[in-house]
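Participant: sharing a model prediction with you, sequence too.
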Amino acid sequence: MTVLAVRQDGPGTTTVPGPRRRLLGLVIALVVLVVLLVLSVMIGSTSIPPSVVWDALVHSSTGIDQVAVQDYRLPRTIVGLVVGVALGLSGALIQALTRNPLADPGILGVHAGASFAVTVAVGLLGVSDVQGYMWFAFAGALVVTLMVLALGSTRQGSSPVVMVLAGVCVGAVLGGAREALQLTDPDAFDAMRSWNAGSIGGRPLEVVWPILPFLAVALVLAFVVAGPLNAMALGDELAVSHGVSLARTRVLAIIALTLLAGGATAIAGPIAFVGLMVPHVARWIAGPHQRWIFAYSVLLAPGLLLVSDILGRVVLRPGEIPVGVVTAFVGAPVLIALVRRKKASGL
Amino acid sequence: MSSDVDFGRPMLVLRRRRIAVRLERRSVVVCAVLVLALAGLAVLALMTGSYSLGPGEVLSALTGRETGLMHDIVVEWRLPRVTAALVFGAALGVSGAVFQSMLRNPLADPGIIGFSQGAYTGALIVILVVNGSYGQLAGGALLGGMVTALAVYVLAYRRGVQGFRLIVVGIGVSAMLGSLNTWLILKADLDQAMAAATWGAGSLNGTSWDQVIIGGICVLVLLPAAGMLSRPMRQMELGDDAAAALGVRVPAARLGLVVVGVALTATVTAAAGPIAFISLVAPQIARRLARTAGITLAPAALVGALLCLAADYIAQHVAPTPLPVGIVTVVLGGGYLGWLLFTEARRRL
Amino acid sequence: MTTPTRLQVESATIGYDKRVISRDLSVAIPDESFTVIVGPNACGKSTLLRGLSRLLRPSAGQVVLDGADINSFRTKEVARRVGLLPQTSIAPDGITVADLVARGRYPYHGFMRQWTADDERAVRNAMDAAAVTGLSSRLVDELSGGQRQRVWVAMALAQHTDILLLDEPTTFLDITHQIELLELFTDLNQAGRTLVAVLHDLNHAARFGTHLIAMKDGRIVAEGTPEKIVTAELVEEVFGLRCLVVADPVAGTPHVVPLGRDRSR
């Protein structure tokens, strides 16, 4: 029952579950994720029964529902899975790296950087394939990450609020510049409008494959730096005295972060708040161990994204709400609740 | 008359029967120079256009010695726009100064409490749902911004409003509305989306005397209110406890500052759409020019007016195609952030 | 025992939100005393001080200033009678010493009356008294911790109040600056001001204070002159520390020497 107790008390409690319970929790999270994957294929503008889904997966039959599954639902679910993993892990990474519980690649402007770069590539330079514009997404994400880290750290170390403000300002400038571009040539940018809302629907799998290797590399990197980041949670000086190379850890973490946030944005457009919420839930369950937080984030984030996406499909049926809008409406109240809690005020 | 106390800066002391004020000489000089620069730029803006005029012609038109076409060009066509840039720029500068001082943060501005995104949401709903006139658009924006700001204030309230909570709650609500706005634009057809985007960029195109007069009256009422609040505001820079001990009613003063700051931005937004980043940048430039301790309102107002006028001049006459002024100010914001990055990096070396 | 008092707490309940720190608390600050409030961490010392300075409003009972409820005064009127040096204060970027001290004159200012001859005199006297006149043109950011604290004291002095409340004024200072500051307080007290300070160091309290208030768990355990109340029994009761009380070899005031672990068996 320790797990339950930790969940109720929230972070800061001393009761941290042992490895066995953490592993059990991980298995449960995996099962939930699989269930959500199935639901995501089944639920939509029309509900498709599991038998038909199975039929479509196993045989290449040509019924209308089977085609819907093969051509739309399944790619969408896979995109959700991949993007969710990237978003959750990037959130956990950026929170660990900045020691800022309010950090999120969306709030800190990293997504805005990536999406601005993609807008420039697609709208101005005429780049049309993923292999081309994903590099812009990575570059945009990297530049903004470095900017925000530099702006957000003061002489006394980094301040969560200053960093968040810096991110919001950078995001606002890039958003304004993006709109300026759109005004100069509306037709060229018309296609970007739906991408800018952040959605996992209507993205062909061909968009995912070129980015997948980069995400895999980032995943490995994240788990490599998890240990050093654990030590850095106690402060840079203590980490150095524990034998951690600060520069190496930071560089690797920033590379991983850039690939994850840039990749997710290149596929789905900017989706905020998943990276904020999931690591908090992961911390409640797993306690302050980065490797476990990362593992839980990897499993919980796609779940959250798929639930949000299913909600977006169901609420205005037959219309759809892009998943980015749903996550913002779920996530913003979480952020507000976090900051209204007593502990957060003392940050 | 100077002062016996050494303030480390030259001071001007003015004492007449009921008046006793102390001003930093540098601030006074900077303000005077800014006023001159404003006057010069205003005349230049009145001279420039598809029909070029000389400074003498502008001046004689302003003083009423011209009639007919010359009078129409200067007084009826160009002057409202120049006046709007001056008045609204000053309002934005003061509004930013109020928020940065109150939140003790050079990156804060009224957008922080969700005003801009809320106003945009209001405007979008008017455009998409009722396809309203410009007046309805302004009303919708005003309502949206005010409701959002109020909601943020209430959500951040817990035994008083603390700067940190206000900032983070504002960011959350802004992000929520921002994604709603993106979706609303997505639902719109291209023409509506373009109309919304043009409004959303903030523009002084087609500003008429009616808009300027209504907006100007609001600003003229609000600026003295900001002036009255500036003394408690400066005390609050010492920390809430110190200010309270010195006789400032901190919660009331903070509420007053929020109301005045939001109202100033709201006036500008209703008249011209959200002109971004002047409120962020102007107080910081003013502070560095005047080298004052903390943030002072008068230089911030003048720098805001100068920035807005200059940005509108660039948008109208220098850019290859006429742009909304808000797009030029976005570039300004980018420049400011870059500069902040540069100085911060240098300070750490 | 009827010592005259201008500032007292009458059966007040003080706390934050619903968390009550002190219930039914009554205490009087003797006029022209240097009163020091002592007690372990989280005993309600600072809360009492915040109550005395009307930063915290009692949920029951009242704080009485000059015979009337402190909350019935206009806040600027209180600020002309009671000054406070808060635990945390912020110096705006780029402010000079004289400018900061001058901000202590706020309670006397009006919209167009911000720098009268009185203001000028008060600022000059305050800087002289706190010995920061030589620093007046310097930037506050560039000062050492001890100098900076003296500047804040000067600001509180410029406020020109008969009663001055000091919330842990010596914390974060090295020993030399602590003593220097405490001696400054003694001078101010002997010049006729009533001082109320929260101090952590019991020996400093006993040596410099003229009246001590010992608190524990939000209650007042003892009050009186240091000679009367600083005893081994009281220290053990309030701080849970076994100790020996000797006479300070210099000042003759009570001096607390902890017994430590070995001797306490």
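Facilitator: Alright, I've got the coordinates. Numbering: from 1, shown residues only, chains lettered A, B, ... in the order given.

Participant: contact partners for the closest residue to chain A within the stretch 101-250 of chain C?
Facilitator: Relative to chain A, the nearest point of the stretch 101-250 of chain C is C:Asp141 (11.3 Å; C-beta to the nearest C-beta). (Each C-beta comes from the backbone N, C-alpha and C, glycine too.) Contact analysis of C:Asp141 by C-beta atoms under 8 Å, 6 or more residues apart in numbering or on different chains lists C:91, C:93-94.

Participant: now do the phi/psi pair for the residue in the stretch 1-150 of chain C that chain A sits nearest to.
Facilitator: Proximity of the stretch 1-150 of chain C to chain A (C-beta to the nearest C-beta) peaks at C:Asp17, 9.9 Å away. Backbone torsions for C:Asp17, taken as degrees, to the nearest 10, come to phi 50, psi -120.

Participant: then C:Arg23?
Facilitator: phi -110, psi 140.

Participant: okay, strands next: where are they in chain C?
Facilitator: According to DSSP state E, chain C carries its strands in the segments C:5-16, C:19-30, C:34-38, C:60-65, C:68-69, C:82-85, C:163-167, C:194-198, C:211-216, C:219-224, C:243-247, C:254-258.

Participant: JSON lines for these, including mean neighbour count and mean pLDDT?
Facilitator: Output for these, formatted as JSON lines (neighbours: other C-beta atoms under 10 Å in any protein chain shown; pLDDT from 0 to 100):
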{"stretch": "strand C:5-16", "mean neighbour count": "18", "mean pLDDT": "92"}
{"stretch": "strand C:19-30", "mean neighbour count": "17", "mean pLDDT": "92"}
{"stretch": "strand C:34-38", "mean neighbour count": "27", "mean pLDDT": "96"}
{"stretch": "strand C:60-65", "mean neighbour count": "18", "mean pLDDT": "94"}
{"stretch": "strand C:68-69", "mean neighbour count": "12", "mean pLDDT": "94"}
{"stretch": "strand C:82-85", "mean neighbour count": "26", "mean pLDDT": "94"}
{"stretch": "strand C:163-167", "mean neighbour count": "25", "mean pLDDT": "95"}
{"stretch": "strand C:194-198", "mean neighbour count": "25", "mean pLDDT": "96"}
{"stretch": "strand C:211-216", "mean neighbour count": "23", "mean pLDDT": "95"}
{"stretch": "strand C:219-224", "mean neighbour count": "16", "mean pLDDT": "94"}
{"stretch": "strand C:243-247", "mean neighbour count": "14", "mean pLDDT": "93"}
{"stretch": "strand C:254-258", "mean neighbour count": "18", "mean pLDDT": "94"}
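
Participant: distance to C:Thr176 added to those, as JSON lines?
Facilitator: Compiled in JSON lines, the strands of chain C are given as follows (distance: least, C-beta to C-beta, whole Å):
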{"stretch": "strand C:5-16", "distance to C:Thr176": "32"}
{"stretch": "strand C:19-30", "distance to C:Thr176": "29"}
{"stretch": "strand C:34-38", "distance to C:Thr176": "20"}
{"stretch": "strand C:60-65", "distance to C:Thr176": "35"}
{"stretch": "strand C:68-69", "distance to C:Thr176": "42"}
{"stretch": "strand C:82-85", "distance to C:Thr176": "19"}
{"stretch": "strand C:163-167", "distance to C:Thr176": "18"}
{"stretch": "strand C:194-198", "distance to C:Thr176": "18"}
{"stretch": "strand C:211-216", "distance to C:Thr176": "24"}
{"stretch": "strand C:219-224", "distance to C:Thr176": "30"}
{"stretch": "strand C:243-247", "distance to C:Thr176": "23"}
{"stretch": "strand C:254-258", "distance to C:Thr176": "19"}
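
Participant: nearest to C:Glu236, of those?
Facilitator: strand C:243-247 (7.2 Å; C-beta to C-beta).

Participant: relative to A:Pro302, how far out is A:Val34?
Facilitator: Distance, A:Val34 to A:Pro302, by C-beta to C-beta, to the nearest Å: 11 Å.

Participant: of the two, who's got more company?
Facilitator: The neighbour count for A:Val34 versus A:Pro302, taken as other C-beta atoms under 10 Å in any protein chain shown, is higher for A:Pro302 (26 against 12).

Participant: now that one: which helix or strand?
Facilitator: Using DSSP states H and E, A:Pro302 maps to helix A:290-315.

Participant: list the buried ones in that helix?
Facilitator: Buried residues in helix A:290-315, counted by 16 or more other C-beta atoms under 10 Å in any protein chain shown: A:290, A:292-313.

Participant: circling back to that earlier point, please list which of the contacts of C:Asp141 are also close to chain B.
Facilitator: C:91, C:93-94 (C-beta under 8 Å from any C-beta of the partner chain).

Participant: which of those residues sits closest to A:Gly63?
Facilitator: Using C-beta to C-beta, the ones next to chain B among the contacts of C:Asp141 come closest to A:Gly63 at C:Asp93, 70.2 Å.

Participant: tell me the pLDDT at residue 18?
Facilitator: In the absence of a named chain, chain A is used. Note on A:Gly18: pLDDT of 75.

Participant: that's the wrong chain, I meant chain C
Facilitator: 73.

Participant: distance of it from C:Thr47?
Facilitator: In terms of C-beta to C-beta, C:Lys18 sits 14 Å off from C:Thr47.
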